[in-house]
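# got a predicted structure here, sequence first:
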Amino acid sequence: MNILIVDDEPAIIAALTPVLGGQGYVLFTADCAKSALDMSQKHSIDLVLLDLGLPDADGIDIIAKLKEYSDPTVIVLSARHLEKDKVRALDEGADDYINKPFGIEELLARLRAAQRRKRLSGESEVSKFVSDQLHVDFSTRQVRLLGQEVKLSPKEFSLLEVLCKNAGQVVTQRKLLIAGWNDPAADSQYLRSYIALLRQKLEYDPSEPEHILTEPGVGYRLSVSHKVKEM
Amino acid sequence: MKQTLHSNTKSAPVVSVLIDLTIFSLATAGTYLAQELDRPITSVLIYLTGVILIGARSGLKQGILAAVAASLIYNFFLSEPAFSFGASTADEIVPLLAFNISAIVTASVAGRSRDSATSAKLAEARSASLLTISDRLQQAVELAEVLEIARQTLPAHGVTDLEIHVRRGGQLYDIARDGHPVNPLTALLQLGSDNDGTFSVRTYEMVGAHGDLGFVKFVFPETMSTGDKHLDLQAVTNLLALSIDRCMLLDALSEARALQKSEQLKSAILSSVSHDLRTPLTAISAAASSLRSYDQSLSPVQKDQMLATIGEQCARLNRYTANLLDMGRIQAGISTSGFEEIDVVEILGVVLSHVRQSFPEQPIRKEIASGEILVRANGVMLEQAIFNIIENSVIHGGGQGTVLISLCGEDDSCVLEVTDKGPGIAGVHQTDIFRRFFRSESPATRGGSGLGLYIAKGFVDAFGGSVEVISPVEDDLGTRMIVRMPLAASMPTGTPK
């Protein structure tokens, strides 16, 4: 997988390069928006790690252009408190974000999630999501938790389906509202209620969820801390 | 007010003329009676009295009119020979002269005293209105208020509008349009927005304690331009100059105080930064350089410890910078415009998972109401506020037992209680703990920045809530932090579609 790291801080590139290279990723680097666009044009990039504070442009503004050439997955590097920027970047086409500072394990987990989703989206028919706790069959609409069948309403299932297909990646409220209600302007109160219902059915302790995690101000994320089986 | 004044001045002359006529008729009748009784001197005196009365009452014009009429009537009807004019004897010319002279003298004397009475009244009215304006202006503490008060009080005195141009730092500013300096020439010449020719303008210079303050432009209808007798514009200008002077001094004073305060804060931040950034940096630097230079002589356990130190101290630096950032947000003022309905139960779930990551050993007991508890807030800030409060309880009391977290909706507020079994907080410190950079003496707090609770309270305040501390809770032990936030008012009813 070809990864383009866009960051104007050499120390960050220097710290990431050895480990990511050791994991078998092919790395390209860019220190500004212009060179990032050049690189994404010249090389077939699968994934971009994009810092939003670039010297020559706002990172958010180049997401759409980066996606033009080889449609790479875009993961945004952002500060924790800038949730508005995160939502904007995700709306612009970014696939996920990581709060700075991050640990290398967290970064690798996100890269794996992105890789899995990219591979799945390449396949014509994605039929199942399987982790060691959760088993979701998209064609028969069957859900099993620890082997036990769980009955879900159609709306609950469509929400869970989007979360599973993006397992490990954040899914914005907007995307979930489109998935469940076909309307990004629908009342987020409905979404909250359905997520609560899903948690009651899927979580051991709904007040401290382990599967469906909340990303305050942004959306939800299906946790992949439970091992996901590669299908 | 104006209406009644108007109708008064209209009806007054008619009444006055009627009274004059009555006096004149009475005097005529009296004279006639005296003449009939053959008392010529009395009759002349009666007529004279009437003429003097009218002159005194109504002024020169009416006085002379009465005098001429009286002499004619006296001459024609009353004096011998009756029904004919004649001025052959002194007896007949003298009353004529006497009537006219006394009318002229009394009228002018009366007129003069009336004039001085009127001007006294006017002066009284002027000083009364100046007093009113001055009273109102005393209340102004900002330049904009001075203008507003002037605009409220002056129209009653015929001034339709005014502009105040204040000189500050060599530039002229129109108070109504603050921000950009104006060109003095255009400011002087331009006539506001109502420049349709029916208004006239008078400009007065303002002088304050430190010299030139700018100028005031009074605008009033053309018809008033001959002189607005009810108001001394120069005096009004002086009053305005006084209050503008005061406002500018107050401004300078509060600026100086703010500057002093921000200087104090700056030095507090600097001392905090130099300590709280340097301590973890020292640890990281020491560990990293040891690993580099003494790799051979270190045991695997020691190496592992050093790497762990680097990780921990990085986390501490991260927390600290995040705290500084949050403090900056609170100081800049948190806008409520980005707030949305947030389920506190959901956010508490996020916080608990972070708490368990940060303090895996800490036993926690939860009492969480089922269902949603909605408040209007910012999700990330609410998460931070709740985390800081729980973190504080874990650090200060967790070591000695379970931390209890309870969350429920009561009436119209959300109540979150975090109770620890620590040593408690002394009464004197119970307000201090919410102050910036306050750190208790206990060894457990080393590594804290003294910002956690300050930030928690700052955020909760921004959501319209409050943070309360109760300590000790029981048996002289424990602290309970109570966070109250108003429930979101507009909760959609009914089940979701």
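That came in fine, so what should we check first?

# can you give me the distance of residue A:221 to chain B?
Note on residue A:221: its distance to chain B, by C-beta to the nearest C-beta, to the nearest Å, is 11 Å. For glycine as for every other residue, the C-beta is placed from the backbone atoms N, C-alpha and C.

# touching, that residue and residue A:209? I think so.
No: using C-beta atoms under 8 Å as the test, residue A:221 is too far from residue A:209 to be in contact (10.4 Å).

# okay, those two: which has more neighbours?
residue A:209 (23 against 20; other C-beta atoms under 10 Å in any protein chain shown).

# name all residues that make contact with the closest residue to that one other than its chain neighbours.
With C-beta to C-beta, 6 or more residues apart in numbering or on different chains as the criterion, residue A:209 has its nearest non-adjacent residue at 4.7 Å, and that residue is residue A:203. Neighbouring residues of residue A:203 by C-beta atoms under 8 Å, 6 or more residues apart in numbering or on different chains: A:209, A:210, A:211, A:212.

# please give me every residue in contact with the last one.
Think residue A:212. Neighbours of residue A:212 in contact, by C-beta under 8 Å, 6+ apart: A:163, A:195, A:198, A:199, A:202, A:203, A:220, A:221, A:222, A:223.

# can you do 6 Å?
A:199, A:220 (C-beta atoms under 6 Å, 6 or more residues apart in numbering or on different chains).

# rewinding a little: sitting in strands, which of the contacts of residue A:203 do you find?
residue A:212 (DSSP state E).

# from the contacts of residue A:203, pick the one nearest residue B:417.
The closest of the contacts of residue A:203 to residue B:417 turns out to be residue A:209 (C-beta to C-beta; 22.0 Å).

# which phi and psi values does the closest one adopt?
phi -60, psi 150 (degrees, to the nearest 10).

# ok, it touching residue A:199?
Yes: the pair residue A:209 and residue A:199 passes the contact test of C-beta atoms under 6 Å, sitting 5.2 Å apart.

# dump the residue contacts of the residue in the stretch 251-400 of chain B positioned nearest to chain A.
As assessed by C-beta to the nearest C-beta, chain A sits closest to residue B:379 within the stretch 251-400 of chain B, at 3.1 Å. With contact set as C-beta under 6 Å, 6+ apart, residue B:379 has these partners: A:216, A:217, B:342.

# closest to chain B among the contacts of residue A:203?
When those are compared against chain B (criterion: C-beta to the nearest C-beta), the nearest one is residue A:209, at 5.6 Å.

# relative to its centroid, which residue of chain A is most remote?
No residue in chain A has its C-alpha farther from the mean C-alpha position than residue A:148, which lies at 27.6 Å (C-alpha atoms, centre = their mean).

# which bits of the stretch 201-350 of chain B sit near chain A?
B:318, B:343, B:346, B:349, B:350 (C-beta under 6 Å from any C-beta of the partner chain).

# kindly recompute the last result at 10 Å.
Counting by C-beta under 10 Å from any C-beta of the partner chain, the stretch 201-350 of chain B comes close to chain A at B:311, B:314-315, B:317-318, B:321-322, B:325-326, B:329, B:338, B:340-343, B:345-350.

# no further questions, thank you.
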